[in-house]
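> Let's see this in three dimensions:
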Amino acid sequence: MNVAVIGTGYVGLVSGSCLAELGHHVTCVDTDAEKVERLKNGIMPIFEPGLEELVKRNEASGRLRFTTEYAEAVPTADVVSIAVGTPSAPDGSADLSFVYAAAEQIARHLQSYTVIADKSTVPVGTSEEVTEVIGAIYSGEFDVVSNPEILREGHAITDFMNPTRIIIGANNKRASEIMLKLYAFLDCPKLVMSPRSAELTKYAANAFLATKISYINEIAHLAEELGADVEEVASGIGADPRIGRDFLRAGLGWGGSCFPKDVRAILHTASTVQQEMPIVRAAIEMNARAKTRVVERLENALGSFQDKNISLLGLSFKNNTDDTRESAAIEIMKRMAEKGARVRAYDPEAKIQEETLFEIFERALDPYAAAQDADALVIATEWDEFRSLDLARLKTLMKGDVVMDARNLLQPEEAQKIGFRYFRIGRA
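Okay, here's the model as predicted:
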C-alpha cells in the first residue's frame, strides 16, 4: 500500500519507518526543511534504539522517502496518517492547531478516495472535526478514522512490530478494511470500534497507567514510614494477574511527552461535559508529591541545599530516550537550584530544550565527572549504566556521603558497606 505520514516527530518517524519495514511504500512529510534534509542524510532528530538502522535500511530499499511537499505524498496514498504534535494548551486542553493545518493541506492534495488516520493523540470528537475541515475543501470521497499510537519511548520499534493490540476507530466497513489491510502482517488483536471510542481509549489507557504509577508511589511513601520495602510489596501485588507487574516501579513519578499532557487533556474533556474525575486528579497530585518528597528527604539528609554540590545522574524522563519533556529529573533539579544548590548533571542522551536550564546546571561527560566534589549524588533516570556504577570510585570522588537513589537501581547493602548514607524510594 502507499502511505503518507504527516509529521516526522517521534510517532511519525517510528510509524513511517515500521510501515516501510512491513513492505508498504511510505512517504513522510514534514514542513521543517532542515529536518527533512538531515533525515535524507541519515541523521535522526531523536534517539530511539534501532531507529537509525531501520530508517537507513528502508530508505536504501526505496520504500521510505522524506519530503516537505504534500503533493509528493498525498495524491497517490491509500492511507494518510496524521502524526503531528498535540501539545497542552494553557487550560490543559490539547492544542489541535497542527492537526487542523495538516488536514487542510491534505484536503488540497486529495485526488481519489483515501483514508485519513488520526495517529496523534487527540480529544474525543477530533475525527469529526477533521472530517469537517477536509470536507470544506475537498468534495470527493474520503473517510477519517482514529488510529491512536501505542508506543513506549525506548521500546517504540518493538511495540510497533509486536503490538499488544491495534485500535481502529471507523464509521464504516470500507475504511476499517483498508486499515486492517495496512496492519495485516502484524499478529495481534485488531479492535474496530467507533472513532469516539478509539479516541477515548487512548486517553483512558494513559490515565490508567499514570494512576497506577501514582498509586505505587503512594504505597512507597507509606512503606518508608512503616519499615516495609515497596519493591517486595510491588512483587507481591504484581503477582496477582488482576493487577499485573507492569508500571509498579516506585520512583520520581511520571513525565514525558504523553502522560502529563494526556492526563490534563482527559480532565479538560471531562470538564466540557460537567464530569468530575477525582481519581485522575488524585493521580496528578500524587505525582507532584513524589518529586517533592525526594527533594525534602535529600534536604533533610544534607541539612540544607544552600551552597551544596549535587551530582544528578539522569536528565531524560526515562531511559533509552533523549526526551526531556516534563522530566521529573529536571523538575527536581530546578527545585534544588532554587534552594541554593549547585548542580552538575550527566545523561548519555538527553537533549535539553530549555536553554535557560544551562544557567542552573553544568553538564558532565560521565557519571564520575558529575560526582567530583559532590555533597550528594541523585540517581534520577533509570539508565542501565547507572546500575553498575563503581561505588568505591564515586566515594573517593565525592566530598559528601549522601546517595539518593530515586530509581532504586543500586544494592543498598553494597552502598552502605562502602560508607554511603543511602536513601531509596519506598524503604526507610
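> any idea how this structure splits into domains?
Per the record's domain assignment (automatic domain parsing), the chain is made up of the domains 2-193, 194-428.
> now the helices for the stretch 201-350 of the chain?
If you assign secondary structure with DSSP state H, counting those that start in this stretch, the helices in the stretch 201-350 of the chain sit at 230-238, 259-272, 278-302, 328-338.
> possible to save those as a markdown table with mean neighbour count?
For the C-beta atoms, the positions are set from N, CA and C on the backbone; glycine is no exception. Written out in a markdown table, the entries for the helices of the stretch 201-350 of the chain read as follows (neighbours: other C-beta atoms under 10 Å):
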| stretch | mean neighbour count |
| --- | --- |
| helix 230-238 | 16 |
| helix 259-272 | 20 |
| helix 278-302 | 17 |
| helix 328-338 | 22 |
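> How are the strands of the stretch 51-200 of the chain distributed by residue range?
Under the criterion DSSP state E, counting those that start in this stretch, strands of the stretch 51-200 of the chain are mapped to 64-67, 79-82, 114-118, 142-146, 166-169, 190-193.
> For those strands, give me TSV that also has mean neighbour count, distance to E349 and mean pLDDT.
Compiled in TSV, the strands of the stretch 51-200 of the chain are given as follows (neighbours: other C-beta atoms under 10 Å; distance: least, C-beta to C-beta, whole Å; pLDDT from 0 to 100):
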stretch	mean neighbour count	distance to E349	mean pLDDT
strand 64-67	22	23	98
strand 79-82	26	27	98
strand 114-118	27	29	98
strand 142-146	25	32	98
strand 166-169	23	29	98
strand 190-193	16	34	98
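> can you redo the ones you listed as JSON lines with distance to L410?
JSON lines is the format used below for the strands of the stretch 51-200 of the chain (distance: least, C-beta to C-beta, whole Å):
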{"stretch": "strand 64-67", "distance to L410": "42"}
{"stretch": "strand 79-82", "distance to L410": "42"}
{"stretch": "strand 114-118", "distance to L410": "43"}
{"stretch": "strand 142-146", "distance to L410": "43"}
{"stretch": "strand 166-169", "distance to L410": "39"}
{"stretch": "strand 190-193", "distance to L410": "41"}
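> Out of those, which gets nearest to N408?
strand 166-169 (32.8 Å; C-beta to C-beta).
> In the stretch 251-400 of the chain, where is pLDDT below threshold?
Across the stretch 251-400 of the chain, no stretch falls below the confidence threshold (pLDDT under 70).
> swap in the stretch 101-250 of the chain?
Regions of the stretch 101-250 of the chain meeting the criterion pLDDT under 70 are absent.
> hmm, back to that, out of the helices of the stretch 201-350 of the chain, which comes closest to P412?
Distances from P412 to each of these were compared using C-beta to C-beta; the minimum, 10.4 Å, belongs to helix 230-238.
> Can you list the helices and strands that the closest one packs against?
Contact here means 3 or more C-beta pairs under 8 Å, 6 or more residues apart in numbering; DSSP states H and E; on that basis helix 230-238 packs against helix 195-226.
> Would you confirm that G227 contacts G426?
No - under the contact definition of C-beta atoms under 8 Å, G227 does not touch G426, with a separation of 11.1 Å.
> so can I have a markdown table of the helices of the stretch 201-350 of the chain showing distance to D405?
Below are the helices of the stretch 201-350 of the chain laid out as a markdown table (distance: least, C-beta to C-beta, whole Å):
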| stretch | distance to D405 |
| --- | --- |
| helix 230-238 | 12 |
| helix 259-272 | 22 |
| helix 278-302 | 10 |
| helix 328-338 | 13 |
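> closest one to Y203 among these?
Put simply, out of the helices of the stretch 201-350 of the chain the one that sits nearest Y203 is helix 259-272, at 4.3 Å, with distance taken as C-beta to C-beta.
> how far out from the middle of the chain is the closest one?
Centroid separation for helix 259-272 versus its chain: 16 Å, with C-alpha atoms, centre = their mean, to the nearest Å.
> likewise stretch 342-355?
17 Å.
> what sits up against that stretch?
Contacts of stretch 342-355 with the rest of the structure, by C-beta atoms under 8 Å, 6 or more residues apart in numbering, involve 47, 307-316, 321-325, 327, 329-330, 333, 336-337, 358, 360-367, 369-370, 372, 374, 381, 383, 385.
> What of stretch 371-380?
Counting by C-beta under 8 Å, 6+ apart, stretch 371-380 makes contact with 252, 294, 298, 301-302, 308-315, 328-329, 332-333, 344, 370, 386, 394, 397-400, 402-407, 409-410, all of which sit outside it.
> make it 6 Å
302, 308-314, 329, 386, 394, 397-400, 402-407, 409 (C-beta atoms under 6 Å, 6 or more residues apart in numbering).
> May I see the buried residues of it?
Across stretch 371-380, burial judged by 16 or more other C-beta atoms under 10 Å covers A371, A374, D375, A376, L377, V378, I379, A380.
> bridging residues for S311?
The residues listed as beta-bridge partners of S311 by DSSP bridges are R344, L377.
> Might one say that it is in contact with A369?
No - under the contact definition of C-beta atoms under 6 Å, S311 does not touch A369, with a separation of 9.1 Å.
> between the two, which one's more packed in?
With other C-beta atoms under 10 Å as the criterion, S311 and A369 differ in neighbour count, and S311 comes out ahead with 27 against 14.
> Can you give me the distance of the more buried one to I418?
16 Å (C-beta to C-beta, to the nearest Å).
> now do P45
The gap separating P45 from I418 is 41 Å, by C-beta to C-beta.
> Likewise for T8?
The spacing between T8 and I418, counted by C-beta to C-beta, is 46 Å.
> higher neighbour count, these two?
Neighbour totals were compared for T8 and I418, and T8 leads with 28 against 16 (other C-beta under 10 Å).
> Can you tell me the SS state at the more buried one?
Assigned with DSSP: H, G, I helix; E, B strand; the rest coil, T8 falls in the coil class.
> thought it was touching V29?
No - T8 is not in contact with V29 according to C-beta under 6 Å; the separation is 7.9 Å.
> related to what we said a few turns ago, M1 is nearest to which of the strands of the stretch 51-200 of the chain?
With C-beta to C-beta as the measure, strand 79-82 is the member of the strands of the stretch 51-200 of the chain nearest M1 (6.5 Å).
> tell me the secondary structure for A392?
Classification of A392 by three-state DSSP places it in helix.
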